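In: have a look; sequence and predicted model below, questions after that.
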Amino acid sequence: MASLKTSFRRGRGALSNVESRFDGWSREPDDDGLAAVLEAHGEPPQPKTIVVLEEAKSIITRNQSPDIPFDQSINVYRGCEHGCSYCFARPTHAYLGLSPGLDFETQLFAKPNAAELLRRELGRKSYVPSVIALGTNTDPYQPIEREHGLTRAILEVLEEFNHPVAITTKSSLVTRDADILARMAAKDLARVYISITTLDADIARRLEPRANTPAKRMEGVRRLAGQGIPTGVMVAPVIPALTDFDIERVLEAAAEAGAGSAGYVMLRLPLEVRDIFVEWLEQHYPGRRRHVMSLIEQIRDGKHNHSEFGQRMRGTGIFAELVGKRFEQACRRFGLNQQRRPLRADLFRVPPKPSAQQSLF
């Protein structure tokens, strides 16, 4: 039984397909049956990534959250192959009738008409430009972006309209688009944040199994900053008793790599994410489970999640305050967040449509 579980979970963050809150029934594993299957047929195949193409009806999502520095975002993918067990976006898969567990990282959705929709929405007379964020729900540079190129297509449209963009990603694949980003950055139209939870390669491999290694992400910071693109790091999420020890090391390495800014987010475990993360802890760090969960409850007023504005990103209580002070002091020590030029929206323009006469030439 143990070898069956280990094989099935290799390279994935979630250990199972936990039921969603919308399921009207539940599943229980048949240990004897699984053991018999293993004995008769050997280990089962690894769960493969399946990508479904869906025609989206709109592409810009708007929000009014006061603790998020943008009011527009784009997600060209649903689900994320990086497989981070803590991902707050996992519950969104429940709306599709799928599990926030393994389904979230193996059954993905791509929107091939994203760039076309964006061009149409930006061209409307009623459109008012403001920063568009990429990477708010799932990673715009997750592995399937290499094949589909939807994020690059979005950037091409944004550059065409002189539209400001802010990117957050765990992938060094963002450096592929440094040509576009450098041109936009020269006009104060682009900024990139690379998320680095820890520099510990072993923890990162277990925590974010299909994301780039911390070293490769840090090299991405160096390459982007070296081309004049405003680049920062997000220490996100900070996991008490597991990754919080590494805050200062991440910030120091980021500053040395050329990052100019940094931010952090405390771990929160909404809805089904709580069970997925606890299951992950029991598998990889069973000795730390009680301590980690106890500290999470301390920073979340006895719960595992805060949905209240002003609290969900930072938490409350002594531990949360300590992390905040450590982060601020480290940023001052390493020269981060000293100054940040705002992205410009005043350069926005709707490019002229090619005329029939021009097409003759």
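Out: Everything's here; your move.
In: Arg210 reaches Tyr141, doesn't it?
Out: No - under the contact definition of C-beta atoms under 8 Å, Arg210 does not touch Tyr141, with a separation of 11.9 Å. Bear in mind the C-beta positions are built from the backbone N, C-alpha and C, glycine included.
In: spell out the secondary structure type for Ala166.
Out: Three-state secondary structure (criterion: DSSP: H, G, I helix; E, B strand; the rest coil) places Ala166 in strand.
In: what about it, distance to Pro69?
Out: Ala166 sits 8 Å away from Pro69, going by C-beta to C-beta, to the nearest Å.
In: for Met266, which non-adjacent residue is spatially closest?
Out: Taking C-beta to C-beta, 6 or more residues apart in numbering, and ignoring the residues beside it in sequence, Met266 has Gly315 as its nearest neighbour in space, at 4.3 Å.
In: with Val273 instead?
Out: Arg90 (5.2 Å).
In: what's near enough to touch that neighbour?
Out: The neighbourhood of Arg90, defined by C-beta atoms under 8 Å, 6 or more residues apart in numbering, consists of 14, 100-101, 104, 272-273, 276.
In: any chance of the residues you listed in JSON lines, plus distance to Asn305?
Out: As requested, the contacts of Arg90 are exported to JSON lines (distance: C-beta to C-beta, whole Å):
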{"residue": "Ala14", "distance to Asn305": "18"}
{"residue": "Pro100", "distance to Asn305": "14"}
{"residue": "Gly101", "distance to Asn305": "17"}
{"residue": "Phe104", "distance to Asn305": "17"}
{"residue": "Glu272", "distance to Asn305": "11"}
{"residue": "Val273", "distance to Asn305": "8"}
{"residue": "Ile276", "distance to Asn305": "13"}
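In: tell me where the longest strand sits in this structure.
Out: Of all the segments of type strand in the chain, defined by DSSP state E, the longest one is strand 231-238.
In: helices and strands around that strand, which ones?
Out: When contacts are defined as 3 or more C-beta pairs under 8 Å, 6 or more residues apart in numbering; DSSP states H and E, strand 231-238 sits against strand 190-195, helix 214-226, helix 247-257, strand 261-266.
In: turn these into a markdown table, columns for mean neighbour count, mean pLDDT and distance to Leu53.
Out: Supplementary listing: these in a markdown table, determined by neighbours: other C-beta atoms under 10 Å; pLDDT from 0 to 100; distance: least, C-beta to C-beta, whole Å:
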| stretch | mean neighbour count | mean pLDDT | distance to Leu53 |
| --- | --- | --- | --- |
| strand 190-195 | 26 | 98 | 27 |
| helix 214-226 | 20 | 98 | 28 |
| helix 247-257 | 20 | 98 | 36 |
| strand 261-266 | 20 | 97 | 31 |
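In: how about these, which one is nearest Pro354?
Out: Taking C-beta to C-beta as the criterion, Pro354 comes closest to strand 190-195 out of these, the separation being 25.8 Å.
In: and the angle from the closest one to strand 261-266?
Out: Orientation check (axes from the mean of the first three to the mean of the last three C-alpha atoms, to 10 degrees): strand 190-195 against strand 261-266 gives 50 degrees.
In: ok, back up a step: the longest strand of the chain: how far from the chain's middle?
Out: 11 Å (C-alpha atoms, centre = their mean, to the nearest Å).
In: mind giving me the packing neighbours of the longest helix belonging to the chain?
Out: Selection of the longest helix in the chain by residue count, based on DSSP state H, yields helix 318-334. With contacts defined as 3+ C-beta pairs under 8 Å, 6+ apart, the secondary structure elements packing on helix 318-334 are helix 247-257, strand 261-266, helix 289-299.
In: quick revisit: which pLDDT does the model give the residue nearest to Met266?
Out: Listed pLDDT for Gly315 reads 92.
In: same check on Val37?
Out: Val37 carries a pLDDT score of 48 in this model.
In: likewise Ser307?
Out: Here, the pLDDT recorded for Ser307 equals 76.
In: Leu343: what's it in contact with?
Out: With contact taken as C-beta under 8 Å, 6+ apart, Leu343 is in contact with 131, 164-166, 188-191.
In: any idea how far it is from Ile74?
Out: As judged by C-beta to C-beta, Leu343 and Ile74 stand 15 Å apart.
In: against Leu108, how distant is the residue nearest the centre of the chain?
Out: Averaging the C-alpha coordinates of the chain gives a centre point, and the residue nearest to it by C-alpha atoms, centre = their mean is Asp139 (4.4 Å). In this structure, Asp139 lies at 11 Å from Leu108, with C-beta to C-beta as the measure.
In: please enumerate the shared neighbours of the two.
Out: When contacts are counted by C-beta under 8 Å, 6+ apart, the set common to Asp139 and Leu108 consists of 77, 80.
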